[in-house]
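In: Sequence plus predicted model, see below.
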Amino acid sequence: MDEQAPRGRWSRRSMLAGAAAGLVTPLVVNGSAAPFTVAAAAQPRGKLRQVTIYAEPLPNGLFGYGLNPGEATIPGPLLEIYEGDTLEIELVNNTDQRLSIHPHGVDYDTASDGSPLNASFNEPGETRTYTWRSRPQARASGGFWMPGSAGYWHYHDHAMGDHGTPGIAKGLYGGLIVRKSGDLLPDKQFTVVFNEMSINNKMAPDTPMFEANHGQRVEFLAVGHGNQPHTFHLHAHRWADTRTGMLNGDDDHSPVVDNKNLDPGSSFGFQVIAGAGVGPGVWMYHCHVQFHADGGMVGLFLVRNSDGSMPAGAQEAIDRFHDHQHARASAQGEHSAHR
Amino acid sequence: MDEQAPRGRWSRRSMLAGAAAGLVTPLVVNGSAAPFTVAAAAQPRGKLRQVTIYAEPLPNGLFGYGLNPGEATIPGPLLEIYEGDTLEIELVNNTDQRLSIHPHGVDYDTASDGSPLNASFNEPGETRTYTWRSRPQARASGGFWMPGSAGYWHYHDHAMGDHGTPGIAKGLYGGLIVRKSGDLLPDKQFTVVFNEMSINNKMAPDTPMFEANHGQRVEFLAVGHGNQPHTFHLHAHRWADTRTGMLNGDDDHSPVVDNKNLDPGSSFGFQVIAGAGVGPGVWMYHCHVQFHADGGMVGLFLVRNSDGSMPAGAQEAIDRFHDHQHARASAQGEHSAHR
Amino acid sequence: MDEQAPRGRWSRRSMLAGAAAGLVTPLVVNGSAAPFTVAAAAQPRGKLRQVTIYAEPLPNGLFGYGLNPGEATIPGPLLEIYEGDTLEIELVNNTDQRLSIHPHGVDYDTASDGSPLNASFNEPGETRTYTWRSRPQARASGGFWMPGSAGYWHYHDHAMGDHGTPGIAKGLYGGLIVRKSGDLLPDKQFTVVFNEMSINNKMAPDTPMFEANHGQRVEFLAVGHGNQPHTFHLHAHRWADTRTGMLNGDDDHSPVVDNKNLDPGSSFGFQVIAGAGVGPGVWMYHCHVQFHADGGMVGLFLVRNSDGSMPAGAQEAIDRFHDHQHARASAQGEHSAHR
């Protein structure tokens, strides 16, 4: 499946290169289709984690962030830390555009804001360090607590154009997870970005097909970008509208949803057990705005049998998805050719 | 009020016919304007419930689901089960279109997905059985719980066109409630679907007028469909943004709202005490997107006196609503006639 | 900073004039840029609070609500009560338009609905009294509680045009806070209304610059209006998606966000500690819909040093914001002049 790996593989060497000196623990960085790496999860908290990220041009006028030169992907690498950690990002700008990296959910001073307002960006060819800090929730008076940094967040360019509009449109975005100690760790992780009328800057049938085995714990990080309102829907699975996507006790009456607004700048995450209660098979995820789904904002979540083999009927569904979309595309091509 | 009963009455006979054999308990199925029936609510959980639903053409190119031939309505029948129950739907397609029934919030295998992707649909004239299962939340490790099926959900066509777009546009949708044991049962239930620029495929003054007596417990199930973002607003009543629309203890700090996003594919429900704190009268519910309200996405919630009589001023308000909208409609008609 | 005080100062005299007779306690009414007044916060609950509000024409075809003749502002005065209080608003219509005042979140009978449906409005030149009541949550059976009135709400015209559309477009809106006893009180309060393509009917660089000192407790009340979907994003600060914007215990797993849908008719509020974890500086707040940000839905949150002095680089950022936007505006002006 060529469509299956829309994001590059990460290389452990590059992470260690990025995480230069002795006291530094490498952060967990995953490609969205790659197995989850829990190496850093057992590390002590409050560590300084360093990484070098390369902003680079991609074919068709796109841009991407990557962990090595020549390995930029859309979305960029999934960054993951624990509450309390600090993330120091050396951003290398290998493009001819002004750009930056601006995070949601974490702490940064104005020099790491990533905005032209604060003169916080990389000129073409420039390398600049951005520092993101995180912290746990803090007790206030009256029984209230000021929230911490834990959450399913994201990062994106904020300096191309006035506010990063062309940078985001062309692929400069990625996922960021800040975990609390004790959070459940998934077997697989997928980043889904509804960016304008695309998913991860792809349209069906080229949208990512996410894969897991029946029974695996799968984490989705959903991010919205662009100018359109969207709703993210996943077939045959659902989640709680909480920080983790799970409930926190038998008496937790938080809403449970399988469809949620994913509007520009918003993000959420959740974990599901692949195929729980429904079995293996090919399940759609899509924008539930009907014209967006019809226009190609649809992808597949392939839940394989627990031994990794293909469930009955799955290949036929995948073929149907590809044939149908290709048939539509060529019909539209012919149609416009005749005009 | 002709506008008051936009959905057909259900017939107990048809439900029993649908719920054929001995071990099967009939599900609770309500027309939106009909009194709530709690018969099944006292039944043991985990039952198999069977129903036959007929997809049929309606005047003006519309379609609807119904519990008997010739009784299709928009929205279709409100289906209601308890967490743990299984719902077996025999869908009879009495139209000349390919269509299906696809639910949110419950479990179904790929054969009951209702999507062309999984070859799960009814050809014209075909009958097909769809099975929806439900289950309670399940303990995970770390104090987390994977959510169950309880919630205010909905169902809709997913096979006309690529993704059900024309089927939904023309009326193939309805409400689905999965309750937890111990949930409070309402006196009245209303399904409100913001579908493109309509409410239940009607525009003012033909939108449904929902009625209850002062002090009755009223349940709203709100569903979004189509391509437009919407916000649902109800005058003089509010609800908590939880699974039930109520708070779960004196110290529950969930948001309380009277206006909430109702975007395509999303749904929520809540219960209010009709007229609590505000008295009987005619209250608007409407989309708060201003042009949508101006364009006709407005309906009435008539709270009668507790003895069922009309409150002072209510008939005048209803007349005003109808006269005004009719005046607007004929003005627009004349206007276009003159062009 | 002329842009800093988009809303008029309130006069204690006018409040006392409005809060006429003996048993009446003046409500807390704040201009958004004015220091928070806690005078009423120590008052007993369940009081009748009276205020006179003047709806008046403003330059450029706009309208506003104000606490004194000639002092109308956009947004109107921030009204604040405690759960249990009653607010009696004498609305003086000093315009030549039919208009009203319609609240969210509180109780009102049909005569105070503010809608043409219920013949509840002020004709041009007319004075009319609207009564808003509030109440705490109430125990229902089964461990559930019906929600009370506490929340971050708003009010707006509902009678110009059919549903207040032109009134809202032209500035007839404001914030309303209903607190619970024990809620934390802020040092500063700001009302941010995303109204169509504007913030408080201003576009950058004329949008409000909110100011606080490093470490102050700052309350934002965000309101959506008009016809467009929006998302509110604040740089370097975040909040919990609860009634208060704070968490309610160390084990509260409510979502934490820094970007949230702010669609027509919706509102939310939260408190942050200015510059906590990030330091003083100039931080953007903006709509995260990219074209809206590019079009001018951007403002500044100036976090001064804790002694009130300007942090290093802040004035430069402010100048950059103004110069850039002015440069854009004149470029556009020239451009259209050449056509």
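Out: Looks like it came in fine.

In: For chain B, give me its nearest residue in the stretch 1-150 of chain A.
Out: Of all residues in the stretch 1-150 of chain A, A:G143 sits closest to chain B, at 8.3 Å by CB to the nearest CB. For glycine as for every other residue, the C-beta is placed from the backbone atoms N, C-alpha and C.

In: does that residue really touch C:N248, like I thought?
Out: Yes - if you go by CB atoms under 8 Å, A:G143 and C:N248 touch, sitting 6.5 Å apart.

In: more crowded one of the two?
Out: Taking other CB atoms under 10 Å in any protein chain shown, A:G143 and C:N248 do not tie; C:N248 has more neighbours (19 against 14).

In: got a list of what the closest residue to that one other than its chain neighbours touches?
Out: Once flanking residues are discounted, C:N248 sits nearest to B:H253: 4.7 Å by CB to CB, 6 or more residues apart in numbering or on different chains. Taking CB atoms under 8 Å, 6 or more residues apart in numbering or on different chains, we find B:H253 in contact with C:242-244, C:248.

In: Report the separation between B:H253 and C:Q137.
Out: 11 Å (CB to CB, to the nearest Å).

In: you'd agree A:H237 is up against A:D258?
Out: Yes - using CB under 8 Å, A:H237 is in contact with A:D258, at 6.7 Å.

In: Tell me how many other residues crowd the closest residue to A:N122 other than its chain neighbours.
Out: Distances taken as CB to CB, 6+ apart put A:N93 closest to A:N122, at 3.8 Å, once the chain neighbours are dropped. Using other CB under 10 Å, A:N93 is surrounded by 23 other residues.

In: show me what contacts A:N93?
Out: A:55, A:99, A:122-128.

In: Among the residues you listed, which one has the most neighbours?
Out: Highest neighbour count within those: A:L99, with 27 neighbours (other CB under 10 Å).

In: Can you pull the residues of the stretch 201-339 of chain A lying near chain C?
Out: Contact residues (CB under 8 Å from any CB of the partner chain) of the stretch 201-339 of chain A with chain C: A:224-227, A:229, A:241-244, A:248, A:254, A:261, A:263-268.

In: mind listing which of those residues are in strands?
Out: Under the assignment DSSP state E, those contribute A:224-225, A:261, A:267-268 to strands.

In: Specify the beta-bridge partners of A:G175.
Out: Counting by DSSP bridges, A:G175 forms beta bridges with A:H154.

In: contacting residues around it?
Out: A:32, A:75, A:78-79, A:152-155, A:191, A:193, A:221, A:223, A:267.

In: go again using 7 Å as the cut-off
Out: For A:G175, the contact set (CB atoms under 7 Å, 6 or more residues apart in numbering or on different chains) comprises A:75, A:78, A:154, A:191, A:221, A:223.

In: re earlier: so for the residue nearest to A:N122, what's the pLDDT?
Out: pLDDT recorded at A:N93 is 98.

In: Number of residues surrounding the residue nearest to A:H322 when sequence neighbours are not counted?
Out: Sequence neighbours aside, A:P205 is the residue nearest to A:H322 in space, at 4.6 Å (criterion: CB to CB, 6+ apart). The number of residues packed near A:P205 is 21, by other CB under 10 Å.

In: Quick check: A:P205 is in a helix.
Out: No - under DSSP: H, G, I helix; E, B strand; the rest coil, A:P205 falls outside any helix and is assigned coil.

In: Just confirm it contacts A:F321, I think it does.
Out: Yes - the criterion here is CB atoms under 7 Å, and A:P205 meets it with A:F321 at 5.6 Å.

In: thinking again about what came up before, now do the residue nearest to A:H322 against C:N122, distance only.
Out: On the measure of CB to CB, A:P205 and C:N122 end up 59 Å apart.

In: Check A:R49 too.
Out: 61 Å.

In: One more: A:V218?
Out: Going from A:V218 to C:N122 by CB to CB gives 57 Å.

In: Please apply the same query to A:G148.
Out: 48 Å.

In: Out of the contacts of A:N93, which sit inside strands?
Out: A:55, A:127-128.

In: Next, format the residues you listed as TSV and append distance to C:E211 and pLDDT.
Out: Formatted as TSV, the ones in strands among the contacts of A:N93 follow (distance: CB to CB, whole Å; pLDDT from 0 to 100):
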residue	distance to C:E211	pLDDT
A:A55	34	98
A:T127	35	98
A:R128	29	98
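
In: Serialize those to CSV and add fields for distance to chain C.
Out: Formatted as CSV, the ones in strands among the contacts of A:N93 follow (distance: CB to the nearest CB, whole Å):
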residue, distance to chain C
A:A55, 18
A:T127, 21
A:R128, 16
